[in-house]
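Colleague: Could you look at this predicted model? Sequence included:
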Amino acid sequence: AQVAESGGGLVQAGGSLRLTCTATGDIAKIDTMDWYRQPPGKQREFIARIFDNGETKYADSVRGRWFISRDRSIYTFGHVAYLQMDSLKPDDTAVYYCAVNARTATSDGYFVMHWGRGTQVTVSS
């Protein structure tokens with residue numbers, strides 16, 4: 001499976017961005033699609049998760065400001081999740097990663113986490 005993020009960029013404080021995560025390849029079943037971030041000089045941290053049944057979880061730092069969703073359209077290529085980020089703050093500046101926990105044709109029935117390469121989000125004050 002392959003995972004790719006898009007939608008990052010430079011935005012002023014108070015603005016919004018929507019990140020897109022697209023998972024493609026030999027995916028048989030998805031358990032979760034997650035977003036993580038790694039601020040400059042800090043460790044990677046969990047931001048949001050959406051389960052295949054639609055249940056969601058958020059880090060305290062973004063709950064109420066950001067919203068994770070899945071694109072269930074039959075016309076969408078691949079497995080797609082979005083992260084709508086509103087009320088952005090300079091502290092949200094980070095590389096944002098998507099991680100997809102999926103069972104694939106070659107995972108012997110196990111769920112394996114697949115990571116994207118990240119997309120940079122920079123929030124100016």
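Modeller: Good, I have the coordinates. Residues are numbered from 1 along each chain as shown.

Colleague: Assign the most centrally placed residue in the chain to helix, strand or coil.
Modeller: Central residue of the chain (CA atoms, centre = their mean): Trp35, 3.2 Å from the mean position. What DSSP: H, G, I helix; E, B strand; the rest coil gives for Trp35 is strand.

Colleague: surely it meets Cys21?
Modeller: Yes: using CB atoms under 8 Å, Trp35 is in contact with Cys21, at 7.2 Å. Using the backbone N, CA and C atoms, a C-beta is placed for each residue, glycine as well.

Colleague: Need the overlap of contacts for the two.
Modeller: Ala81, Leu83, Cys98 (CB atoms under 8 Å, 6 or more residues apart in numbering).

Colleague: Identify the bridge partners of the second one.
Modeller: Translated: Leu83. Beta-bridge pairing for Leu83 (DSSP bridges): Leu19, Ile68.

Colleague: count of residues packed around it?
Modeller: 26 (other CB atoms under 10 Å).

Colleague: now do the first one
Modeller: With neighbours defined by other CB under 10 Å, the count for Ala81 comes to 25.

Colleague: Then it would be within a helix, right?
Modeller: No: under three-state DSSP, Ala81 sits outside any helix and is assigned strand.

Colleague: Leaving out the residues flanking it, which one is nearest to it?
Modeller: Met33 (4.0 Å; CB to CB, 6 or more residues apart in numbering).

Colleague: which phi and psi does the most far-flung residue of the chain relative to its centre have?
Modeller: Going by CA atoms, centre = their mean, the residue of the chain most distant from its centre is Asp108, 25.1 Å out. Main-chain torsions, Asp108, degrees, to the nearest 10: phi 50, psi 30.
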